[in-house]
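Trainee: Give me coordinates for this.
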Amino acid sequence: MKTLLKSLFLATAVAFAATSCTQEGQQNTEAAAENAEAAAENAAAATDDALENAGTAVENTAERAAANTEAAADKAAAETKMAADKAGAKMDAAAGDAKAEINAATRNN
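Mentor: You can find the predicted model right below:
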């Protein structure tokens, strides 16, 4: 992009220089070409900066999304483990109750 803009302005400057007949006209043309080249360089630098900033913003957003996803996965894993532990405790309690009932029924017979 930067090279394209420079080439375009340089071609314009050459065209103006070729058609200029007077010394003053040629000096004005050269000054205009220098100004155009400087403007092209500034535009290219601004474009580069904008692209850099956009890339940084995308990278930061991706990092935050990854961190949020990881935190959500950790939370889900912790909740699943807690639910499994509760279910295990209930199953152990039920098994204990059943064993006690079986023992009581066996003693009564």
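
Trainee: top helix in the protein by residue count?
Mentor: helix 23-108 (DSSP state H).

Trainee: Now do that one, average pLDDT.
Mentor: Taken as a whole, helix 23-108 has a mean pLDDT of 90.

Trainee: Does that helix pack against any helices or strands, and if so which?
Mentor: Contacts defined by 3 or more Cβ pairs under 8 Å, 6 or more residues apart in numbering; DSSP states H and E place helix 23-108 against helix 2-19. Where C-beta positions appear, they are placed from N, C-alpha and C, glycine not excepted.

Trainee: quick check: mean pLDDT across the helix it packs on?
Mentor: Mean predicted confidence for helix 2-19 is 62.

Trainee: start at 13 instead
Mentor: Taking 13 as the first residue, the last one we looked at is helix 14-31.

Trainee: Alpha carbons only: can I get stretch 111-121 in PDB?
Mentor: This file holds the C-alpha atoms of stretch 111-121, laid out as PDB (Å, rounded to 0.1, in the frame of the first residue of the first chain):
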ATOM      1  CA  LYS A 111     -27.600 -52.600  55.200                       C
ATOM      2  CA  ALA A 112     -29.000 -51.600  58.600                       C
ATOM      3  CA  GLU A 113     -32.500 -52.700  57.500                       C
ATOM      4  CA  ILE A 114     -31.200 -56.000  56.100                       C
ATOM      5  CA  ASN A 115     -29.400 -56.600  59.400                       C
ATOM      6  CA  ALA A 116     -32.500 -55.700  61.400                       C
ATOM      7  CA  ALA A 117     -34.700 -57.900  59.300                       C
ATOM      8  CA  THR A 118     -32.300 -60.800  59.600                       C
ATOM      9  CA  ARG A 119     -32.200 -60.500  63.400                       C
ATOM     10  CA  ASN A 120     -35.900 -60.500  63.700                       C
ATOM     11  CA  ASN A 121     -36.300 -63.700  61.800                       C
END
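
Trainee: which of the residues in that stretch are buried?
Mentor: Residues of stretch 111-121 include none that count as buried (16 or more other Cβ atoms under 10 Å).
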